[in-house]
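>>> Below are the sequence and a predicted model for it; my questions follow.
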Amino acid sequence: MNNLDLATLLFGADVKPIQFWFDKYPARNLPPTAEITRLCPSPTGFLHIGALYMGVINRRIANDSKGVFYLRIEDTDTDREVQGARALIVSGMEEFGIKFDEGFIDGEKQFGAYAPYLQTQRRDIYASFARELVLRGRAYPCFMTREELDIQRSQQEAEKVRPGYYGKYATWRDAPIEKIQEKLKNNTPYVLRFKSMGDQNVKRSFKDEFLGDIQVPQNDEDFVLLKTNGIPTYHLAHIIDDYLMRTTFVIRGREWLSSVGKHLELWESFDFPIPKYGHLSPINKKDGTTVRKLSKRKDPEADIMRYVELGYPTDALIGYIYRLANPSFDVWWQSKRQASVWDFPFQLDELQKSGPGPVIDLKKLDDISSDIIAMMTAEEVADRMIKWATRYDAPFANLISSERPYLEKVLAIERDLENPRKDIANWSVGRDSIGYFFDSLFNPDKVKQVLADEKLQAIFNSISKDLADLMAADVLYTTDSIDAWLPEIKAVADQLGFTTDKVKLKANPEAFKGDFASFMKILRLVMTGTNRTPNLFHVLKVMGKERVLQRINSVANLG
Ligand code: GLU
């Protein structure tokens, strides 16, 4: 029996010859410098920050070379597939402004000349190419059961030899055709294996775009091409898809580096040109004193939707991703804060090439994010905060949108300055950072508690009535500048028995209630319940006289 007979036995007579697919998917009509890049996530759960990292890098390489960036969903591992994960990938990438030139939209619809971009819809294609390998004498069926393979592996371990299906352990490699026929007649499940010609003891050189020239052992494993259900393994699907979709640059995780030997042999067995490869280190996390790979299971910061839920503007995360990719982002950002993060002059050369890879630092994300939010107008911040809260904190959304003009005034505080306020790093801190401006979130009992904790309650009680009277002066709310306001508020403090004269206070502490700073501290706590606020001049002005008096009265129980 020849290869054609075996191929027909395995695949029947109806499988299309590979030429059919070459005709259907002709080469792209692009200049040779154009890079075709791709993102190929498996729909096995949430969208990992590593996918966004890969997405940004690949998008930029395609943009900068006037190439194409496409999305392919690698769903061949049906056991690990999670319901809804595909839609999550598409909507997540969309949310962060990562656009694909081909692939999916709306989680379902596909577009592009090389469709389908979902691997389980490409079974006919894989069958053709798998059959082609049988025709070329480079693939054969293997009927070993899981149990038999396990036994073989245990034997290899006992013999202290490398585990795997190779050499003399490749049981079905040279099986007589009668045995194959018999198994097929009984409908015994089988996998299709690659027939390797390599020698593990021989090294071959391989150029990795990130790691440089390296030596990898030749592959000698007869690894699986098609599983028992006819679905391809990653190895076969990778070669077929990246060839037919004309990928020029395969960027993938470092964990695939050990499979390069297999892939090189597979490319060559088809006589396909080998694309460029770049194996990228994963994103890490500092855990105590050690640095380890960010874990999909253990680390909530691995899930990019968490950042959306916390209300980080998506550009902040993109900026942060650029920073992970290129540390020079920091210097650029210092001088270019007005720019869009997408304008960052990304450099492929600056990627952390070897070593463990970049380490995530959420403090840095907060810095970038508060810079971005500080650049927005009060109106834009109000829009975005309401939009976020509508999705994640409906009561807060109702509150701030019902008092929109007041909200904008609050957000305008210290915004129009050379060094604007940077107290908002994401929308979820809105409640804490500006909530006290809103009466329904202002809790006099909590303020009393804070005053008690700070041991200021007695002083406040002793001045509250006069404070309310003195704070009724319109001038405290109508002056236009801090400079003009300061003498006015100092006069109030003075009349209540607080002094700005440190020498006098030291000489005769009994004669005063305290210094000016303690007065301001009391006033600030009574107005806001916190020590961290913008300048009180702005706070009082935006709150207005009526609200200020009401707060003094409610904390003092003055009725
Ligand atoms: N589906 C593979 C993964 O998620 C993609 C690897 C590749 O980009 O080729 O690791």
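Here it is on my side, so go on. Predicted, not measured: the structure shown is a model, and the values here were computed from it.
>>> Tell me where the model's unsure across the stretch 301-450 of the chain.
Of all residues in the stretch 301-450 of the chain, none has pLDDT under 70.
>>> sorry, that was for the chain
For the chain (pLDDT under 70), the answer is 1, 558-559.
>>> Remind me what the longest helix anywhere in it packs against, helices and strands.
Longest helix in the chain, counting residues (DSSP state H): helix 536-556. Applying 3 or more C-beta pairs under 8 Å, 6 or more residues apart in numbering; DSSP states H and E, one finds that helix 536-556 contacts helix 404-412, helix 444-453, helix 457-470, helix 475-478, helix 482-495, helix 516-528. (Each C-beta comes from the backbone N, C-alpha and C, glycine too.)
>>> which outside residues touch that helix?
With contacts defined as C-beta atoms under 8 Å, 6 or more residues apart in numbering, helix 536-556 is touched by 406, 409-410, 413-414, 437, 439, 442, 444, 447-448, 451, 460-461, 464-465, 467-468, 471-472, 474, 476-477, 482, 485-486, 489, 520, 523-524, 526-528, 533, 558-559.
>>> Try it again at 7 Å.
If you take C-beta atoms under 7 Å, 6 or more residues apart in numbering as the criterion, helix 536-556 is touched by 409-410, 413-414, 437, 439, 442, 444, 447-448, 461, 464, 467-468, 471-472, 474, 476-477, 482, 485, 520, 523-524, 526-528, 533, 559.
>>> Ok, stretch 212-229 next?
Stretch 212-229 has contacts (C-beta under 7 Å, 6+ apart) with 126, 130, 133, 139, 164-167, 170, 173, 189-196, 198-200, 202-208, 232-233, 235-236, 260-262, 265.
>>> got it, and stretch 297-311?
Residues outside stretch 297-311 that contact it (C-beta under 7 Å, 6+ apart): 46-49, 52, 92, 95, 285, 294-296, 317, 360, 362, 388, 392, 426-428.
>>> What count of nearby residues applies to the closest residue to Thr78 other than its chain neighbours?
Spatial nearest neighbour of Thr78, chain neighbours left out: Ile231 (6.9 Å); criterion: C-beta to C-beta, 6 or more residues apart in numbering. Each residue near Ile231 was counted by other C-beta atoms under 10 Å, and the total is 18.
>>> Ile231 contacts Thr76, doesn't it?
Yes: assessed by C-beta atoms under 7 Å, Ile231 is found in contact with Thr76 at 5.1 Å.
>>> Test of understanding: give the bridge partners of the closest residue to the ligand within the stretch 151-300 of the chain.
Nearest to the ligand in the stretch 151-300 of the chain, going by C-beta to the nearest ligand atom, is Arg252, at a distance of 3.6 Å. Using DSSP bridges, the bridge partners assigned to Arg252 are His279.
>>> re earlier: out of the helices and strands packed on helix 536-556, which comes closest to the ligand?
It is, among the helices and strands packed on helix 536-556 and with distance given as C-beta to the nearest ligand atom, helix 404-412, at 41.3 Å.
>>> and that closest one, what other elements does it pack with?
Counting contacts by 3 or more C-beta pairs under 7 Å, 6 or more residues apart in numbering; DSSP states H and E, helix 404-412 is packed against helix 378-392.
>>> Could you give the separation of the helix it packs on from the chain centroid?
Put simply, helix 378-392 sits 21 Å off its chain's centre (C-alpha atoms, centre = their mean, to the nearest Å).
>>> other SSEs contacting that helix?
By 3+ C-beta pairs under 7 Å, 6+ apart, helix 378-392 packs against helix 394-402, helix 404-412.
>>> got the buried residues for the helix or strand just after the last one?
Translated: helix 404-412. Moving toward the C-terminus from helix 404-412, the next helix or strand (DSSP states H and E) is helix 430-434. Using 16 or more other C-beta atoms under 10 Å as the test for burial, helix 430-434 gives 430-431, 433-434.
>>> Just want the phi and psi numbers for whichever residue of the stretch 51-200 of the chain sits closest to the ligand.
Minimum separation of the stretch 51-200 of the chain from the ligand (C-beta to the nearest ligand atom) falls at Glu74, amounting to 3.6 Å. Glu74 has phi and psi values of phi -100, psi 90 when expressed as degrees, to the nearest 10.
>>> Next, count neighbours for it.
Residues lying near Glu74 (other C-beta under 10 Å) number 19.
>>> ok, it - contacts?
Counting by C-beta under 7 Å, 6+ apart, Glu74 touches 40-42, 119, 234, 237.
>>> Between all of the residues you listed, which two are at the greatest distance?
With C-beta to C-beta as the measure, no two of those lie farther apart than Pro41 and Ala237, at 13.5 Å.
>>> Tell me if Thr247 really is in a strand.
No: under DSSP: H, G, I helix; E, B strand; the rest coil, Thr247 falls outside any strand and is assigned coil.
>>> Could you give the number of residues near it?
If you count neighbours by other C-beta under 10 Å, Thr247 ends up with 22.
>>> which ones are touching it?
Thr247 neighbours (C-beta under 7 Å, 6+ apart): 36, 38, 275.
>>> Buried subset of the contacts of helix 536-556, written for ChimeraX?
Only the buried entries of the contacts of helix 536-556 go into this ChimeraX selection, using 16+ other C-beta under 10 Å:
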select :409,410,413,437,442,444,447,448,464,467,468,471,476,477,485,520,523,524,526,527,528,533
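>>> what subset of the contacts of helix 536-556 is also close to the ligand?
Applying C-beta under 6 Å from any ligand atom to the contacts of helix 536-556, one finds that nothing falls near the ligand.
>>> show me the contacts for Arg173.
Taking C-beta under 7 Å, 6+ apart, one finds 140, 195, 222 in contact with Arg173.
>>> so which helix or strand takes in it?
Using DSSP H and E, Arg173 sits in no helix or strand.
>>> burial of Ile151, as a residue count?
Ile151: 12 surrounding residues under other C-beta under 10 Å.
>>> Next: Ala158.
By other C-beta under 10 Å, the residues close to Ala158 number 8.
>>> Ok, Met385 next?
Neighbour number of Met385 under other C-beta under 10 Å is 27.
>>> Quick one: residues contacting it.
Counted by C-beta under 7 Å, 6+ apart, Met385 has contacts 400, 427, 430.
>>> Surely the first one is in contact with Lys409?
In this case it means Ile400. No: between Ile400 and Lys409 there is no contact under C-beta under 7 Å: 11.9 Å.
>>> Up against the ligand, what does the stretch 201-350 of the chain have?
Counting by C-beta under 6 Å from any ligand atom, the stretch 201-350 of the chain sits next to the ligand at 238, 250, 252-253.
>>> Filter these down to the buried ones and hand me the PyMOL line.
The PyMOL command for the buried members of these (criterion: 16+ other C-beta under 10 Å) is given here:
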select buried, resi 238+250+252
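>>> want to throw the residues of the stretch 201-350 of the chain next to the ligand into CSV with distance to Tyr312?
Shown next, in CSV, are those (distance: C-beta to C-beta, whole Å):
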residue, distance to Tyr312
His238, 33
Val250, 30
Arg252, 27
Gly253, 24
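>>> Would you point out the most distant pair within the residues of the stretch 201-350 of the chain next to the ligand?
With C-beta to C-beta as the measure, no two of those lie farther apart than His238 and Gly253, at 12.7 Å.
>>> Since that was my last question, I'll sign off now.
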